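> I would like the atomic coordinates for the input below:
(2 chains)
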Amino acid sequence: MIKQDLDSIETKAEFILREATSRFRNVAALWSMGKDSTVMLAIARKAFLGKVPFPVIHIDNSIDFPEAYEFRDSLAKKWRLNLIVAESAIKRNLIGAACCGKNKTEALKTVMAEYGFDALIVSIRRDEHGIRAKERYMSPRDKDFKWDYKNQPAELWDNYTSKLDTDGHVRIHPLLDWNEIDIWRYIKRERIPVNPLYFSNGRQRYRSLGCTHCTTPLKSKAKTVEGIIKELEADKDEERSGRSMDKEREYVMQKLRALGYM
Amino acid sequence: MGSVKEVMLDLRKHPTEKNWKAFSSKLHRSSIRYYKIVFTVKSSSKGEDLEKSCVELYDAGHSKAGTVPLFVKESGKIRGATAYLKGLRRYNKVI
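Below you'll find the predicted structure:
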């Protein structure tokens, strides 16, 4: 796994966050309490003199891990986050990626309409999944949240698209060029608190966190950030191999994402 | 309001929000420390599986203290209840 220069990628992420808040009228960020979105919030605090200047949305499907809820509440209080919890219903007869995607997207649409957000900061990375590799740093969505992945704006040097042609919104991806080991190295360097489920309980830990239904742990003895970094340096498995929704065929995932699902 | 065991029994019969709140308030003063979520059926539909799931609760010595449902059921609608287990840790006994 390639280790990038942390100062360079941090500086770029700060730049993208500052650009987003200056170009868009009403910005919010998604926070899943995972390591990536927590790193994004930590970078935002650095970029904006110790505070997170935009609301932070948690899409709650009501079966996240208890540790995740505890982590959410304690960090929101400690970092004085403007936290919005959007409840996502669990509907029957929805299977696989559509279950997570559709339910969460509906909740997100409701909260975006209610608050009138025109830009949404999302902490995805290109190395997580093939579909995410197609994203741009500033990626437009139409009013139905649909993503035209075949007709994306060019992002040459540091020029990003921020003009909206429709009533949609723009997705901001400040961590797009980070990789998994960069995230953990940054967490170690900046001493960023993370969900304790990432650390081994003696035999297992979670490498990627979703809800209790869709996430499986992996065998690990890594109880510290240093231990996780050493494990990643030796590991060849994909980060999201424990997430059942990612086992859907790539084409299906791409289709769902293009149709406006998460 | 009764003991933790009585509240757990109420919760198993009627997993309403009121009973979950009562259980949550008792939980932190009890000896229960760990949870283990058991999906007795793991299909690809989260909604279908939720009603067939349960949470096993364990004390600090890893002895089983009882089971509760994983969901809140109110007016025919169902949603997850893991937020009410805040403060507990994932069962970690190494066998």
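> secondary structure of A:Pro193: a strand, I assume?
No: assessed with DSSP: H, G, I helix; E, B strand; the rest coil, A:Pro193 is coil; it does not lie in a strand.
> what residue in the stretch 101-250 of chain A comes nearest to chain B?
Ranked by CB to the nearest CB, the top residue of the stretch 101-250 of chain A for proximity to chain B is A:Asn201, at 3.5 Å. Yep, even glycine has a C-beta here, placed from its N, CA and C like the rest.
> that residue contacts B:Arg90, correct?
Yes: look at A:Asn201 against B:Arg90 with CB atoms under 8 Å: they come within range, at 6.0 Å.
> if I look at A:His58, how far off is B:Tyr58?
With distances taken as CB to CB, to the nearest Å, A:His58 is found 28 Å from B:Tyr58.
> A:Asp148 too?
50 Å.
> now do A:Pro193
As judged by CB to CB, A:Pro193 and B:Tyr58 stand 26 Å apart.
> which of the two has more neighbours?
B:Tyr58 (21 against 13; other CB atoms under 10 Å in any protein chain shown).
> quick check, the more buried one in a strand?
Yes: counting by three-state DSSP, one finds B:Tyr58 located in a strand.
> which residues does it form beta bridges with?
Beta bridges link B:Tyr58 to B:Tyr34, B:Lys64, judged by DSSP bridges.
> the strands in the stretch 151-262 of chain A, which residues?
For the stretch 151-262 of chain A, applying DSSP state E, counting those that start in this stretch gives strands covering A:169-172, A:204-205, A:218-219.
> ignore what I typed, I meant chain B.
In chain B, the segments counted as strands under DSSP state E are B:32-39, B:53-59, B:64-69, B:71-74, B:77-80, B:89-90.
> quick one: which of those is nearest A:Asp36?
For A:Asp36, the closest of those is strand B:89-90, at 21.1 Å, according to CB to CB.
> thinking again about what came up before, for the residue of the stretch 101-250 of chain A closest to chain B, give me its contacts.
B:89-90, B:92 (CB atoms under 8 Å, 6 or more residues apart in numbering or on different chains).
> what's the answer for A:Leu120, then?
A:Leu120 touches A:27-30, A:57, A:108, A:112, A:169-172, counting by CB under 8 Å, 6+ apart.
> also A:Phe65?
A:195, A:197, A:209, A:211-212, B:82, B:90 are the contacts of A:Phe65 under CB under 8 Å, 6+ apart.
> nearest to A:Ala133 among those residues?
Comparing those against A:Ala133 with CB to CB places A:Leu209 closest, at 20.9 Å.
> doesn't A:Gly34 make contact with that closest one?
Yes: counting by CB under 8 Å, A:Leu209 touches A:Gly34, with 5.0 Å between them.
> any idea how far the residue nearest to the spatial centre of chain B is from chain A?
Nearest to the geometric centre of chain B sits B:Val68, at 3.7 Å (CA atoms, centre = their mean). Separation of B:Val68 from chain A (CB to the nearest CB, to the nearest Å): 12 Å.
> who's that residue bridged to?
Bridge pairing for B:Val68 - DSSP bridges - gives B:Val55.
> the one 5 residues further on now?
Beta-bridge pairing of B:Lys73 under DSSP bridges involves B:Ile78.
> so where's the stretch 151-262 of chain A uncertain?
Applying pLDDT under 70 to the stretch 151-262 of chain A flags residues A:162-166, A:236-253, A:260-262.
> which parts of it are helices?
A:180-190, A:225-234, A:250-258 (DSSP state H, counting those that start in this stretch).
> give me whichever of those is most buried.
helix A:180-190 (a mean of 19; mean count of other CB atoms under 10 Å in any protein chain shown).
> what packs against it?
helix A:6-23, helix A:35-47, helix A:225-234 (3 or more CB pairs under 8 Å, 6 or more residues apart in numbering or on different chains; DSSP states H and E).
> can you rerun that using 6 Å?
With contacts taken as 3 or more CB pairs under 6 Å, 6 or more residues apart in numbering or on different chains; DSSP states H and E, helix A:180-190 sits against helix A:35-47, helix A:225-234.
> surely A:Ala133 is in a helix?
Yes: A:Ala133: assigned to a helix according to three-state DSSP.
> is it in contact with A:Arg125, as I believe?
No: in this structure, A:Ala133 is not within contact of A:Arg125 by CB atoms under 6 Å, at 9.1 Å.
> more crowded one of these two?
Taking other CB under 10 Å, A:Ala133 and A:Arg125 do not tie; A:Arg125 has more neighbours (20 against 12).
> can I get the strands of chain B in a markdown table with mean pLDDT?
Converted to a markdown table, these look like this (pLDDT from 0 to 100):
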| stretch | mean pLDDT |
| --- | --- |
| strand B:32-39 | 92 |
| strand B:53-59 | 93 |
| strand B:64-69 | 93 |
| strand B:71-74 | 90 |
| strand B:77-80 | 88 |
| strand B:89-90 | 92 |
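> between these, which gets nearest to A:Arg18?
From those, taking CB to CB, the stretch that ends up closest is strand B:77-80, at 37.0 Å.
> other SSEs contacting that closest one?
Using 3+ CB pairs under 6 Å, 6+ apart, the elements in contact with strand B:77-80 are strand B:71-74.
> list the buried residues for the strand it packs on?
Neighbour-count burial for strand B:71-74, with 16 or more other CB atoms under 10 Å in any protein chain shown as criterion, is recorded at B:71-73.
> going by distance to A:Ile181, which of these wins?
B:Phe71 (37.6 Å).
> against chain A, how distant is that closest one?
8 Å.
> now do A:Pro153: how many residues are near it, please.
Applying other CB under 10 Å, I find that A:Pro153 has 17 neighbouring residues.
> ok, and the closest non-adjacent residue to it?
A:Thr161 (3.8 Å; CB to CB, 6 or more residues apart in numbering or on different chains).
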